[in-house]
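What shape does this take:
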Amino acid sequence: MPFTYAGHARMLVLSEREEAAKLELLLELTVPIQRQYFGWLWSRARHIAADDRAFAATVARLPGETTTP
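All right, here's what the predicted structure looks like:
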């Protein structure tokens, strides 16, 4: 999960999506990573499965939502 975050975030920022869509998807990518690295131990342990699923679901959405002007 964390090793692919940087690549997916960069791909998202460089994409031709609208800025609002970029921001929404970037938040969806960042929250699980942030909770796992900077959250309290009990929070990390409690949310690890949900964070993995949320991150994978967001990554799965990335290639299909590009918009061209």
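
Check the protein and tell me which residue is nearest its centre.
Leu29 (1.1 Å; C-alpha atoms, centre = their mean).

Name the helix or strand for it, please.
Take DSSP states H and E as the rule and Leu29 turns out to sit in helix 19-38.

What's the mean pLDDT across that helix?
Averaging pLDDT along helix 19-38 yields 89.

shift numbering so it begins at 55
Sounds good: first residue 55 from here, last item helix 73-92.

what sits up against that helix?
Helix 73-92 has contacts (C-beta atoms under 8 Å, 6 or more residues apart in numbering) with 55-56, 59, 62-63, 66-67, 69, 71, 97-98, 101-102, 104-106, 108-109, 112-113, 115-116, 119, 121. Glycine gets a C-beta too; all of them are placed from N, C-alpha and C.

Weed out the non-buried ones from those residues.
59, 62-63, 66, 69, 71, 101, 105, 108-109, 112-113, 116 (16 or more other C-beta atoms under 10 Å).

Mind putting those into a markdown table with distance to Phe92 and secondary structure?
Shown next, in a markdown table, are these (distance: C-beta to C-beta, whole Å; DSSP: H, G, I helix; E, B strand; the rest coil):
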| residue | distance to Phe92 | secondary structure |
| --- | --- | --- |
| Tyr59 | 13 | helix |
| His62 | 19 | helix |
| Ala63 | 16 | helix |
| Leu66 | 21 | helix |
| Ser69 | 26 | coil |
| Arg71 | 27 | coil |
| His101 | 12 | helix |
| Asp105 | 12 | helix |
| Ala108 | 16 | helix |
| Phe109 | 15 | helix |
| Thr112 | 18 | helix |
| Val113 | 20 | helix |
| Leu116 | 23 | coil |
